[in-house]
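A.B. asks: this one's sequence-less:
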């Protein structure tokens, strides 16, 4: 295994296993790419095991968690039609200069597609960034966190959006190219 993708999905199924895998990947500097729920799981695992918030969770999995590091946006909480709470379509994302995603894309402004209900809880941003998980991409209009990264690791990036939606065999999303290159470099390092 030379790199790990923590895939998107809905609900509780497999979530605890994702946390175990993410902890191992983070502690062993394994190239890791979290997509949508995968990014949210990165945030929850970091909150539990680095910030010490043992009951940190998403309100999708535990509506009564004391540390809702992933939550519905405030304006979505009164919507009862679940389809109405989905954040769908393409949104702009401003990437932090010098971050892995900005380097991969070769620019600091991208537009990527979304399909999710829950978001990174901005109330915890300072604590995450002080501990080493940086918010390196955000929507310029809403300030919603779109991309997280642990810069001290070789390649540990999570995106709230779905880069696979705009990726094809002949024109893969730049984040996949960057991730695969990191996995190859990890393989080469292990084989030396």
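C.D. replies: Yep, that arrived. Fair warning: this is a prediction, and the values are worked out from it, not measured in the lab.
A.B. asks: elements contacting the worst-scoring helix or strand of the chain on mean pLDDT?
C.D. replies: Every helix and strand in the chain was compared by mean pLDDT, DSSP states H and E; the lowest is strand 87-95, with a mean of 83. With contacts taken as 3 or more Cβ pairs under 8 Å, 6 or more residues apart in numbering; DSSP states H and E, strand 87-95 sits against helix 100-105, strand 109-116, strand 134-138, strand 145-149. No exception for glycine: its C-beta is placed from N, CA and C like everyone else's.
A.B. asks: where do the strands sit along the protein?
C.D. replies: 4-6, 32-35, 57-58, 68-72, 87-95, 109-116, 118-120, 134-138, 145-149, 156-159 (DSSP state E).
A.B. asks: neighbouring strands for the fifth one, and are they parallel or not?
C.D. replies: Partner strands and pairing direction for strand 87-95 (DSSP bridges) are strand 109-116 (antiparallel), strand 134-138 (antiparallel).
A.B. asks: buried residues, the first one. List them.
C.D. replies: If I follow you right, that is strand 109-116. Of the residues in strand 109-116, those buried under the neighbour-count criterion (16 or more other Cβ atoms under 10 Å) are 110, 112, 114, 116.
A.B. asks: beta partners for residue 89?
C.D. replies: residue 114.
A.B. asks: quick check: it vs residue 18, distance?
C.D. replies: 26 Å (Cβ to Cβ, to the nearest Å).
A.B. asks: compare the two and say which is more crowded by neighbours.
C.D. replies: Taking neighbours as other Cβ atoms under 10 Å, residue 89 and residue 18 compare with residue 18 leading, 21 against 9.
A.B. asks: the more buried one contacts residue 39, correct?
C.D. replies: No. If you go by Cβ atoms under 8 Å, residue 18 and residue 39 don't touch, sitting 10.9 Å apart.
A.B. asks: give me the common contacts of the two.
C.D. replies: residue 6 (Cβ atoms under 8 Å, 6 or more residues apart in numbering).
A.B. asks: the nearest residue to residue 22 once chain neighbours are set aside and residue 19, how far apart?
C.D. replies: With Cβ to Cβ, 6 or more residues apart in numbering as the criterion, residue 22 has its nearest non-adjacent residue at 4.2 Å, and that residue is residue 45. Look at residue 45 and residue 19: by Cβ to Cβ, they are 5 Å apart.
A.B. asks: same thing with residue 157?
C.D. replies: Distance from residue 157 to residue 19, by Cβ to Cβ: 17 Å.
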